[in-house]
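**Q** Predicted model, plus sequence, below.
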Amino acid sequence: MGALVALAACAPPEAPRIIDDAALANELEDQDWLAYGRTYSEQRFSPLDQISAANVADLGVDWYLDLPEDRGLVSTPLVADGVVYFVGSMNRVRAVDGATGQLLWEYDPQVAQNATRMRAGWEHNRGIGLWGDRVYAATWDGRLIALDRATGTEVWQVLTVDPELPLYITGAPKVFKGKVLVGNGGTESHPSRGYVTAYDAETGEQAWRFWIVPGNPADGFENEAMEMAAETWTGEWWRHGGGGNAWHGFTYDAELDQLYIGTGNGSPWNRKIRSPDGGDNLFLSSIVALDPDDGTYLWHYQDSPGETWDFNSNMDIVLADLEVDGEVRKVILHAPKNGFFYVLDRTNGEFISAEAFAEVTWASHVDPETGRPVEVPGARYEDGEAFVTPGPYGAHSWHAMSFNPEAGLAYIPTLHMNFRFNDEDVDLDTYQMVAWEGGTGVAWEFVGSSREDGVLGTLQAWDPVRQEQVWEVDLDGLWNPGTLTTAGDLVFQGRESGHLVAYEAATGNELWRFDLGLGISAPPITYSIDGRQYLALLVGWGGGAAGLAPPVGWNYGAQTRRLVAFSLQGTASLPPQAPRGAMMPMAAPSFEVDSDLAAAGEGLFGSCDGCHGPGVQSAGMAPDLRASGVVLDAGLFADVVRGGERATRGMPQFSAVTDEELLALRHYIRSVAERDLASIGGGG
Ligand code: CA
């Protein structure tokens with residue numbers, strides 16, 4: 001299984017660097033970038049300083065690799081022995097020479113061929129892990145795969161999920177002490193009970209599993225932590241799964257030998273259904289500390305007790321030492337969805353401080369005595385409806401937060417969104433989520449920016465000691481990627497607009513920008529080979545909200561996805577990209593739109609809009625169906641939608657769709673195409 005292609009005819013590397021706890025815990029200068037957040041601290045701070053605020057304006061393209069990828073690229077590349085490893089579309093893993101960009105090997109886990117069914121959320125993958133002489137990748141269809149780092153040959157693979165359930169993995173596996181940890185997503189797809197699993201890095205054997213919420217007490221509890229957690233639930237929560245899926249933030253603390261898990265939101269979101277008589281619902285929306293050797297519960301801190309807004313706490317968990325009130329504390333820095341920036345004592349989970357880092361309307365503040373949020377009455381849509389900031393997209397999502405210990409600042413890609421929640425039409429007593437159909441137990445919609453000036457996305461520098469913003473930059477659009485900070489007094493962030501921008505770390509002054517010609521959704525990294533510092537990132541618009549965002553001019557297949565490396569010595573130039581601009585709908589005079597069929601098709605398009613765009617207005621994540629010849633051909637359309645003909649390119653197979661539904665969808669898509677053509681042509 002897995003295609004191994006393009007083994008380059010280059011000299012074999014020296015004996016590979018063996019990556020272990022000491023290497024991953026090394027915060028000092030290292031030429032490589034060995035882990036998702038560079039080191040165990042997850043700070044994404046590099047001590048490399050050849051590229052600095054004084055010379056960053058001289059950065060040029062050193063090399064680039066065009067990628068045959070037509071989906072979003074959001075992952076953090078890793079570097080070991082000067083070789084860059086990264087995961088791209090459809091979970092393909094590649095190794096590239098970090099000095100030249102030459103492809104060394106490629107591994108295709110063939111996710112579409114392996115999956116029993118494709119899952120909602122199959123959009124991107126955020127990274128891979130390194131340990132020993134291996135690469136670890138986790139796939140959308142729930143497998144964990146170990147590869148030989150030198151050749152890309154598969155060593156072992158294990159299935160980490162029940163294939164009958166719509167669970168999926170988009171996060172990077174984290175490796176520590178000879179174990180590989182993975183979680184999964186899918187809280188909204190079925191009655192889900194979240195868990196994380198650790199596997200032996202050598203053999204792939206399961207070492208331990210930790211469930212995040214309690215199951216049915218009648219079945220007995222797995223451990224004392226689950227018994228304790230069950231005290232905070234009411235009703236028959238286990239019928240709804242409970243949720244808590246841990247799909248992103250895991251941090252191993254080598255100093256304290258503790259593992260921190262950021263946990264997910266409830267299943268379903270609406271607590272009135274999930275736990276009808278209230279309760280905190282442990283361990284939802286928490287950081288849970290576990291013993292890394294056996295997964296035993298150590299302590300927890302819950303940021304959103306009894307959450308009911310999709311306020312998960314899966315965001316990056318960053319470790320630091322901070323001087324607080326004259327005392328050096330070992331802390332966790334955490335900016336979860338709920339809009340508060342938390343500083344916790346990582347020795348025991350004790351609450352130190354929290355302040356809102358964006359507009360927050362669901363709670364007035366966090367009580368410094370109890371560490372609990374003080375909720376605003378009505379925010380829980382107690383009476384059916386509420387307007388709440390932040391919401392399901394969070395004030396911060398998975399886009400990487402970095403921390404510069406020299407500047408003392410955290411750099412947060414921040415979202416400013418207001419949402420309407422309403423459960424007046426939900427039968428709270430009979431609501432039951434069905435596997436593969438999913439649901440949230442409450443209607444919700446994005447209703448606009450939470451800022452008066454309408455700005456949706458910003459980059460901000462946050463001082464965690466004073467708990468206040470130091471600088472903020474307004475960005476175009478909503479969906480801007482993660483950050484990198486360096487000892488060169490720099491912060492780097494790409495943009496939805498396709499620009500990679502360098503800022504002075506202390507002030508936010510813009511020092512350099514480069515137009516990559518395609519929206520950026522991945523964070524940059526930096527490494528050094530033979531005395532040359534490189535800055536590298538994947539360029540490929542995508543991930544989560546990218547498909548639902550208003551079109552920003554990126555067209556599916558028109559702009560080339562790339563891995564690009566910059567240096568001060570770089571003199572390469574990138575081939576030009578197709579210009580940003582609106583896609584033209586295709587004229588099809590022979591297709592006569594039936595308005596009744598089109599109306600029926602509009603109701604069905606909700607299964608398509610996450611990729612093809614609400615109202616058939618594609619944001620470039622998937623083909624613009626208004627310009628698709630497939631839509632004009634009944635047979636071809638059925639082959640693609642129902643037959644799964646393009647599954648290997650990421651188009652899910654909808655086996656159950658009927659002929660009538662296919663016809664209605666085609667008429668709806670063509671009705672939009674005709675309407676948009678008419679408006680472009682001035683009403684012709
Ligand atoms: Ca969620």
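**A** Arrived safely. Residues are numbered from 1 along each chain as shown.
**Q** Residue numbers of this structure in contact with the ion?
**A** Counting by Cβ under 5 Å from the ion, the chain comes close to the ion at 265, 310. The C-beta positions use only the backbone N, C-alpha and C, and glycine is treated the same way.
**Q** try 6 Å this time
**A** 187-188, 264-265, 310, 312 (Cβ under 6 Å from the ion).
**Q** Make a markdown table out of those residues and add secondary structure, neighbour count and pLDDT.
**A** As requested, these are arranged in a markdown table below (DSSP: H, G, I helix; E, B strand; the rest coil; neighbours: other Cβ atoms under 10 Å; pLDDT from 0 to 100):
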| residue | secondary structure | neighbour count | pLDDT |
| --- | --- | --- | --- |
| Thr187 | coil | 30 | 93 |
| Glu188 | coil | 23 | 92 |
| Gly264 | coil | 34 | 98 |
| Asn265 | coil | 27 | 98 |
| Asp310 | coil | 27 | 98 |
| Asn312 | coil | 34 | 96 |
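**Q** From those residues, pick the one nearest Val501.
**A** Within the residues of the chain next to the ion, distances to Val501 taken as Cβ to Cβ reach their minimum at Asn312, with 28.5 Å.
**Q** For Thr485, see how far away the closest one is.
**A** From Asn312 over to Thr485 the distance is 25 Å, taken as Cβ to Cβ, to the nearest Å.
**Q** Give me the helix or strand of the protein that scores worst on average pLDDT.
**A** strand 3-5 (a mean of 42; mean pLDDT, DSSP states H and E).
**Q** What pLDDT does the model give the nearest residue to Asp425 once chain neighbours are set aside?
**A** The shortest distance from Asp425 to any residue other than its chain neighbours is 6.7 Å, reached at Ala443 (Cβ to Cβ, 6 or more residues apart in numbering). At Ala443, the pLDDT value in this model is 97.
**Q** do the same with Gly547
**A** In this model, Gly547 is scored at 75, pLDDT.
**Q** Check the one 10 residues further on too.
**A** Per-residue pLDDT puts Gly557 at 86.
**Q** where's Glu369 relative to Val376, distance?
**A** Between Glu369 and Val376 the computed distance is 19 Å (Cβ to Cβ).
**Q** Which one's more surrounded, the two?
**A** When Glu369 is set against Val376 and neighbours are counted by other Cβ atoms under 10 Å, the residue ahead is Val376, at 14 against 7.
**Q** how near is that one to Val447?
**A** In this view, Val376 and Val447 are 17 Å apart by Cβ to Cβ.
**Q** Please identify the helix or strand for the most centrally placed residue in the chain.
**A** Averaging the C-alpha coordinates of the chain gives a centre point, and the residue nearest to it by Cα atoms, centre = their mean is Trp398 (4.4 Å). Following DSSP states H and E, there is no helix or strand that holds Trp398.
**Q** now it: how far from Ala207?
**A** When distances are taken as Cβ to Cβ, Trp398 and Ala207 turn out to be 25 Å apart.
**Q** returning to what we had before: in the residues of the chain next to the ion, find the pair that's most separated.
**A** Using Cβ to Cβ, these span at most 10.7 Å, a distance reached by Glu188 and Asn312.
**Q** Do you know the pLDDT at the nearest residue to Pro16 once chain neighbours are set aside?
**A** Computed as Cβ to Cβ, 6+ apart, the closest residue to Pro16 that is not its neighbour in sequence is Asp133, at 4.7 Å. Asp133 is assigned a predicted lDDT (pLDDT) of 96.
**Q** Run through the residues that contact Asp133.
**A** Each residue near Asp133 by Cβ atoms under 8 Å, 6 or more residues apart in numbering is listed here: 16, 18-19, 148-150.
**Q** In this structure Met315 contacts Tyr260, no?
**A** No - using Cβ atoms under 8 Å, Met315 makes no contact with Tyr260, being 11.8 Å away.
**Q** So for the two, which residue has more residues nearby?
**A** The neighbour comparison of Met315 against Tyr260 (other Cβ under 10 Å) goes to Tyr260, with 27 against 23.
**Q** quick one, strands of the stretch 301-450 of the chain?
**A** Under the criterion DSSP state E, counting those that start in this stretch, the stretch 301-450 of the chain carries strands at the ranges 317-324, 327-334, 340-345, 351-356, 363-366, 373-375, 385-388, 402-404, 409-415, 417-422, 443-449.
**Q** actually the stretch 1-150 of the chain, not the one I wrote
**A** When secondary structure is read from DSSP E, counting those that start in this stretch, the stretch 1-150 of the chain shows strands at 3-5, 45-46, 60-67, 78-80, 83-87, 93-97, 103-108, 129-131, 134-138, 143-148.
**Q** so where is this structure shaky, pLDDT-wise?
**A** Applying pLDDT under 70 to the chain flags the ranges 1-14, 120-121, 682-684.
**Q** The helix or strand hosting Val501: how far from the chain's middle?
**A** Of the helices and strands defined by DSSP H and E, Val501 is found in strand 499-504. Its chain's C-alpha centre lies 21 Å from the corresponding centre of strand 499-504 when counted by Cα atoms, centre = their mean, to the nearest Å.
**Q** Make a markdown table from the strands of the stretch 301-450 of the chain and add mean neighbour count to it.
**A** Supplementary listing: those in a markdown table, determined by neighbours: other Cβ atoms under 10 Å:
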| stretch | mean neighbour count |
| --- | --- |
| strand 317-324 | 19 |
| strand 327-334 | 18 |
| strand 340-345 | 23 |
| strand 351-356 | 20 |
| strand 363-366 | 16 |
| strand 373-375 | 16 |
| strand 385-388 | 20 |
| strand 402-404 | 26 |
| strand 409-415 | 27 |
| strand 417-422 | 20 |
| strand 443-449 | 15 |
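**Q** so what does the strand holding Val501 touch, helix or strand wise?
**A** For strand 499-504, the elements it packs on are strand 490-494, strand 510-515, judged by 3 or more Cβ pairs under 8 Å, 6 or more residues apart in numbering; DSSP states H and E.
**Q** Touching it from outside, list them.
**A** The contact list for strand 499-504, computed with Cβ under 8 Å, 6+ apart, reads 53, 56, 59, 459, 473, 489-495, 509-516, 520, 524, 537, 566.
**Q** Counting neighbours, which of the residues you listed end up buried?
**A** With burial judged by 16 or more other Cβ atoms under 10 Å, the buried subset of the contacts of strand 499-504 is 53, 56, 59, 459, 473, 489-495, 511-512, 514, 516, 520, 524, 537, 566.
**Q** returning to what we had before: next, show the common contact partners of Met315 and Tyr260.
**A** When contacts are counted by Cβ under 8 Å, 6+ apart, Met315 and Tyr260 have Gly249 as shared neighbours.
**Q** From Gly371, how far off is the residue nearest to Phe340 when sequence neighbours are not counted?
**A** On the basis of Cβ to Cβ, 6+ apart, the spatially nearest residue to Phe340 that is not a chain neighbour turns out to be Ala354, at 4.4 Å. According to Cβ to Cβ, Ala354 and Gly371 sit 8 Å apart.
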